[in-house]
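Asks: No sequence on hand, only this structure:
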């Protein structure tokens, strides 16, 4: 487990015990006007898939799009320690109950290769995935016992489940309070954080993953932009790695799965919401 030592110096640089330097700048300026509407972005020829979560996809683990809870959502109806994803005011809501395990809140997935002529994003191609996300204060202010960090999203191969050798994962590693990324379940090749971008409760933050898939044996470029509500985004991560395999990318998960979270801890119920998911072949503007 890495421990970060925060030292503010005149150059506005954040030093860490790992020897890395993180930019520590002032809040970004407001969004530039006009802001392109979600519906208009969905009509762009570069857009592969859009979902505004006006209704809940079917409960499934095999269809092109679905939500699911291991063991089925029906078991959550009479179990206060489990919760299936639901729609609330046109958003996708996840509940993190007290005394719940790491996967107790369920998952949403979209096999976006099915909306791209059946083709995954492969070598020489790129994909950009943007969504809005809100966290309750009860969720962000809780230190979950035993937890190795809660996830936000996973990009993986179209024909694989989560925790694969091909995935790119965005998560709050070790509950440090800012987003990081890694490649490949069980390998955890991490991507360095370039800009300190803390999570903020009770507002709609925007996250965008950019993946430029390199040719076999060559580096792929992985980027992450983060923005607060009404603000321009920061490029928080910009790193390159040789991917473990070249199966391509064609599936996306949204989920608050928390590795090793203790089911013995009594804590306030937490909530995480998602909205306005867009998957595109080109980088998406701030909104």
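Replies: Alright, I've got the coordinates. On a predicted model such as this, the values are computed, not experimentally measured, just so you know.
Asks: Quick one: residues contacting the closest residue to residue 104 other than its chain neighbours.
Replies: Using CB to CB, 6 or more residues apart in numbering and skipping the chain neighbours, the partner closest in space to residue 104 is residue 82 (5.1 Å). Yep, even glycine has a C-beta here, placed from its N, CA and C like the rest. Taking CB atoms under 8 Å, 6 or more residues apart in numbering, we find residue 82 in contact with 69, 75, 76, 97, 100, 104.
Asks: Can you tell me the element residue 82 falls in?
Replies: Under the criterion DSSP states H and E, no helix or strand holds residue 82.
Asks: From residue 271, how far off is it?
Replies: Separation of residue 82 from residue 271 (CB to CB, to the nearest Å) stands at 15 Å.
Asks: Next secondary structure element downstream of the helix or strand encompassing residue 236?
Replies: For residue 236, the host element (DSSP H and E) is strand 234-241. Next along the chain after strand 234-241, taking DSSP H and E as the criterion, comes strand 251-254.
Asks: After that next one, which helix or strand is next?
Replies: By DSSP H and E, the next helix or strand past strand 251-254 is strand 270-280.
Asks: Okay, now the sheet partners of that next one, with direction.
Replies: Strands that pair with strand 270-280, judged by DSSP bridges, come out as strand 47-51 (antiparallel), strand 91-96 (antiparallel), strand 126-135 (antiparallel).
Asks: Turn those strands into a markdown table, columns for distance to residue 232 and mean pLDDT.
Replies: Converted to a markdown table, the strands paired with strand 270-280 look like this (distance: least, CB to CB, whole Å; pLDDT from 0 to 100):
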| stretch | distance to residue 232 | mean pLDDT |
| --- | --- | --- |
| strand 47-51 | 21 | 98 |
| strand 91-96 | 23 | 98 |
| strand 126-135 | 14 | 98 |
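Asks: Take those strands and lay them out in a markdown table including mean neighbour count and distance to residue 146.
Replies: Output for the strands paired with strand 270-280, formatted as a markdown table (neighbours: other CB atoms under 10 Å; distance: least, CB to CB, whole Å):
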| stretch | mean neighbour count | distance to residue 146 |
| --- | --- | --- |
| strand 47-51 | 19 | 32 |
| strand 91-96 | 22 | 14 |
| strand 126-135 | 22 | 20 |
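Asks: Go through these and name the closest to residue 108.
Replies: Among the strands paired with strand 270-280, the nearest to residue 108 by CB to CB is strand 91-96 (5.9 Å).
Asks: show me where pLDDT drops low in the stretch 151-287 of the chain?
Replies: Applying pLDDT under 70 to the stretch 151-287 of the chain flags residues 186-188, 192.
Asks: go again using 80 as the cut-off
Replies: 161-165, 186-190, 192-196, 245-246 (pLDDT under 80).
Asks: and the strands paired with strand 270-280 as JSON lines, adding distance to residue 205?
Replies: What follows is those, written out as JSON lines (distance: least, CB to CB, whole Å):
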{"stretch": "strand 47-51", "distance to residue 205": "18"}
{"stretch": "strand 91-96", "distance to residue 205": "13"}
{"stretch": "strand 126-135", "distance to residue 205": "6"}
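Asks: Would you mind saying which of those lies nearest residue 222?
Replies: The nearest among these, by CB to CB, is strand 126-135 at 10.5 Å.
Asks: what's in contact with the closest one?
Replies: So strand 126-135 is in contact with 48, 91, 121, 152-153, 155, 199-213, 249, 252, 254, 270-284, going by CB under 8 Å, 6+ apart.
Asks: On the C-terminal side of that strand, identify the next helix or strand.
Replies: On the C-terminal side of strand 126-135, the closest following helix or strand by DSSP H and E is helix 137-140.
Asks: What are the contacting residues of that next one?
Replies: Applying CB under 8 Å, 6+ apart, the contact partners of helix 137-140 are 96, 177, 199, 201, 202, 256, 268, 269, 270, 271, 272.
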